[in-house]
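Chemist: Kindly generate the corresponding structure for this input.
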Amino acid sequence: MFVRQLEYLVTLAREQHFARAAEACGVSQPALSAAIRHLEEELDISIVERGKKYVGFTEDGERILAWARQTLAAWDGLRQEASLSRAKLSGALRMGAIPTTMPIVSLLTGPYWRAYPDLRQVVRSLCNEEIIRQLERYELDVGITYLEDQKLDRFRVLPLYRERYVLVARDAGSLGNIASISWEEASKLPLCLLTRNMQNRRIIDAAFRRANTHPVAIVETDSVLALYSNVRCGDFYSIMPHSLLALLEMREELIAIPLSPELNRAIGLIALDNEPASPIVSAVWSITGKMDLEARFSFPGGVGS
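Modeler: Numbering: from 1, shown residues only. Down below sits the predicted model:
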């Protein structure tokens, strides 16, 4: 019952609504409320602010919530360890990935499934900050994100590849079949870029500032697929990681033109640096460490090589 009470507590914090939390847990609202009340009685502490509707957690409740998340993560690891003793790993791998790496995740999920067919995988597209936050709150097991300019002291890190940025066009002839383009020249083109709240866009904007130029994005979107379709069908240009073009095999439909000076960022797998690490994290770490994604994203004789 204690573990179930903690699950109710964490779910209520996530949903911020008693009825939705009860539905997510598969119980009635009175049952969920009663379980949390019993937990408060057991611990002799007020956890949830009382009102006609959900108000929030008390100051003491926030501290209890942090322990609840950590306890449930440990309980999950214990069950995974038990499944290993039965010669097969089961449970759920919860993975968060920044939007520009979502297509790349498919190169990982296949090998994970072949090694552990009973392992369920849940992949979420999240911004870099949200990946860090959810890892710290034990809501994710691993994340795929940028490795630079971040506070990763509490995390174990596995570099995967370098994300190299290129100008993407539908027709190289429209730019005179040039071999490369400067950031200043690129800033004068009708651009489709990701929205400003996304780390990818902030990296690109910083590169333009270093070149003392300020582009105007005609179209902004939070979808990588929309970037592609606007270049392919809307006569726009975009700046994308070369890894997307290599993986999605867009090279025959689109032209990738190197930007000068080159802009690149390290992408890697991260997880909380806990000991012992959960069996699921240990398993995917071992599988991923044997991959060579850098070679997979190389363009023959050009970008990414």
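
Chemist: measure Leu135 to Ala73 for me?
Modeler: 10 Å (CB to CB, to the nearest Å). C-beta: built from backbone N, CA, C; applies to glycine.

Chemist: whoops, I mixed them up, Gln16
Modeler: Counting by CB to CB, the gap from Gln16 to Ala73 is 21 Å.

Chemist: Pick out whichever of Leu135 and Ala73 has more residues nearby.
Modeler: The neighbour count for Leu135 versus Ala73, taken as other CB atoms under 10 Å, is higher for Leu135 (21 against 17).

Chemist: any idea which element that one lies in?
Modeler: helix 128-136 (DSSP states H and E).

Chemist: what's in contact with the very next helix or strand once past that helix?
Modeler: Counting by DSSP H and E, the next helix or strand C-terminal to helix 128-136 is strand 142-146. By CB atoms under 8 Å, 6 or more residues apart in numbering, the surrounding residues in contact with strand 142-146 are 93-98, 101, 104-105, 126, 128, 131-132, 134-135, 160, 199, 203, 265-271, 281, 284.

Chemist: what are the pairing partners of strand 142-146, and which direction each?
Modeler: strand 91-97 (parallel), strand 264-272 (antiparallel) (DSSP bridges).

Chemist: Tell me which of those strands approaches Gly176 most closely.
Modeler: Across these, Gly176 has its closest neighbour in strand 264-272 (25.3 Å, CB to CB).

Chemist: okay, the angle between the very next helix or strand once past the closest one and strand 91-97?
Modeler: Toward the C-terminal end, the helix or strand that comes next after strand 264-272 (DSSP H and E) is helix 279-288. Put simply, helix 279-288 runs at 60 degrees to strand 91-97, going by axes from the mean of the first three to the mean of the last three CA atoms, to 10 degrees.

Chemist: quick one, helices of this structure?
Modeler: With DSSP state H, the ranges of helices along the chain come out as 2-15, 18-25, 29-43, 59-85, 102-115, 128-136, 183-187, 199-210, 224-234, 242-248, 279-288, 293-296.

Chemist: weakest of those helices by average pLDDT?
Modeler: Sorting these by mean pLDDT places helix 242-248 lowest, at a mean of 73.

Chemist: From Asp141, how far off is the residue most central in space within the chain?
Modeler: In the chain, the residue lying closest to the centroid (CA atoms, centre = their mean) is Ala97, at 2.1 Å. To Asp141, Ala97 is 12 Å away according to CB to CB.
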